[in-house]
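Q: here you go, sequence then predicted model.
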Amino acid sequence: MGTKRSAAHPCRTCGACCHYRVSFHEGHVTEALRPLVAPFLADHVTMHQDGGICAQHQGTTGRSSTCGIYAIRPPPCREFPASWEHGEENVYCDEA
């Protein structure tokens with residue numbers, strides 16, 4: 001018999017990318033995101049971090065992870081695919 005795969009998205013157990021600093025252009029800050037970011041560069045903001053990990057990360061990295069603001073997460077988080085999620089490797093995901 002083959003290996004049984006979970007239907008859960010791989011990011012639901014990993015969360016390693018949440019250890020990266022997430023910065024993005026201030027033009028992408030919605031009202032809902034405004035209290036969750038801090039100024040970063042001239043026209044960029046960064047998500048607040050707590051101990052070197054995004055403050056919105058919930059759970060345990062590598063076991064059970066989720067994003068506390070998944071529905072309103074910023075563009076860098078939306079655009080960061082899990083490695084092999086769409087049939088292509090993401091070396092940054094694998095590195096994390």
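A: Nice, I can see it.
Q: low-scoring stretches of this protein, by residue?
A: Scanning the chain for pLDDT under 70 picks out 1-10.
Q: so where do the helices sit in it?
A: Ranges of helices in the chain, per DSSP state H, are 75-78, 91-95.
Q: okay, now the residue nearest to residue 72 when sequence neighbours are not counted: neighbour count?
A: Spatial nearest neighbour of residue 72, chain neighbours left out: residue 32 (4.9 Å); criterion: CB to CB, 6 or more residues apart in numbering. All C-beta spots, glycine's among them, are computed from the backbone N, C-alpha and C. Residue 32 is flanked by 10 other residues according to other CB atoms under 10 Å.
Q: could you check how far residue 32 is from residue 56?
A: Applying CB to CB, to the nearest Å, the value for residue 32 to residue 56 is 12 Å.
Q: pull up the overlap in contacts between the two.
A: Taking CB atoms under 8 Å, 6 or more residues apart in numbering as the criterion, residue 32 and residue 56 both touch residue 69.
Q: for residue 26, see how far away the residue nearest to residue 72 is.
A: 15 Å.
Q: equivalent analysis for residue 73, please.
A: Counting by CB to CB, the gap from residue 73 to residue 26 is 16 Å.
Q: more crowded one of the two?
A: Per other CB under 10 Å, whichever of residue 73 and residue 26 has more neighbours is residue 73, with 18 against 15.
Q: give me the nearest residue to residue 91, chain neighbours excluded.
A: residue 83 (7.6 Å).
Q: for the one you found, grab the count of nearby residues.
A: The tally of other residues near residue 83 (other CB under 10 Å) stands at 16.
Q: in this structure it contacts residue 17, no?
A: No - Residue 83 is beyond contact range of residue 17, at 10.3 Å (criterion: CB atoms under 8 Å).
Q: give the residues shared as contacts by those two.
A: Jointly contacting residue 83 and residue 17 under the rule CB under 8 Å, 6+ apart are residue 93.
Q: verify the stated contact: residue 64 with residue 57.
A: No - the criterion here is CB under 8 Å, and residue 64 misses it with residue 57 at 11.2 Å.
Q: neighbour count winner among the two?
A: Per other CB under 10 Å, whichever of residue 64 and residue 57 has more neighbours is residue 57, with 21 against 13.
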